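Trainee: got a structure for you, letters missing:
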């Protein structure tokens with residue numbers, strides 16, 4: 001994620017940081033911060049599948065468009081890639097909570113993000129659900145930012161609107 005994208009979405013990153021810290025401190029995210037735990041691999045696998053389903057659901061339902069198969073595949077491949085997940089990891093203070101050595105590989109950081117996605121999805125906490133959606137919207141927005149075509153224009157506008165709605169909702173909970 002380049003500095004232009006990060007700067008443009010600094011509010012979303014800040015909200016994700018605040019609430020991710022809260023959920024980790026409240027012990028709603030536990031397996032992601034302990035990569036050696038017994039359930040880490042299982043949750044990583046689930047998180048990968050959850051991410052794929054959520055990306056497609058958001059693109060088609062939230063944006064009310066049906067992108068061409070190649071456009072949908074481009075968004076999915078970028079948003080769910082270990083590189084994009086690793087870059088999101090690097091924008092968050094997750095390493096402060098990791099048990100053991102800090103991960104350095106793109107794959108390990110991506111795996112940790114997939115476990116976080118799984119834990120957020122499994123949580124009954126409303127904030128966790130909103131946070132999950134916001135994180136996935138940021139990943140989709142980054143895919144659109146990186147792979148811009150005319151077909152992405154409507155998706156970008158709709159995605160931006162949804163991100164702002166969630167950001168405002170989460171900000172109101174801070175007050």
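Mentor: Received the coordinates, thanks. What you see is a predicted model, and the numbers here were worked out from it, not measured in a lab.

Trainee: where does this structure have low pLDDT?
Mentor: 63-66, 147-161, 163, 171, 173-175 (pLDDT under 70).

Trainee: where do the helices sit along it?
Mentor: For the chain, applying DSSP state H gives helices covering 3-8, 10-25, 40-57, 69-79, 82-90, 106-122, 126-146, 152-174.

Trainee: now do the fifth one: which elements does it pack against?
Mentor: The reference is to helix 82-90. Where contact means 3 or more CB pairs under 8 Å, 6 or more residues apart in numbering; DSSP states H and E, helix 82-90 is packed against helix 106-122, helix 126-146. Glycine gets a C-beta too; all of them are placed from N, C-alpha and C.

Trainee: hang on, the earlier thing: can you tell which of the helices of the chain is closest to residue 98?
Mentor: Comparison of these against residue 98 by CB to CB identifies helix 106-122 as nearest, at 7.5 Å.

Trainee: show residues contacting that closest one.
Mentor: 20, 23, 28-33, 35, 40, 43-48, 50-51, 54, 81-83, 85-86, 88-90, 94, 98, 103, 128-129, 131-132, 135-136 (CB atoms under 8 Å, 6 or more residues apart in numbering).

Trainee: which among these count as buried?
Mentor: Neighbour-count burial within the contacts of helix 106-122 applies to 20, 23, 28-33, 35, 40, 43-44, 46-48, 50-51, 54, 82, 85-86, 88-89, 94, 98, 103, 128, 131-132, 135-136; the criterion is 16 or more other CB atoms under 10 Å.

Trainee: relative to residue 52, how far out is residue 80?
Mentor: Using CB to CB, to the nearest Å, residue 80 is found at 6 Å from residue 52.

Trainee: who's more crowded, the two?
Mentor: residue 80 (22 against 13; other CB atoms under 10 Å).

Trainee: give me the nearest residue to that one, chain neighbours excluded.
Mentor: residue 51 (5.1 Å; CB to CB, 6 or more residues apart in numbering).
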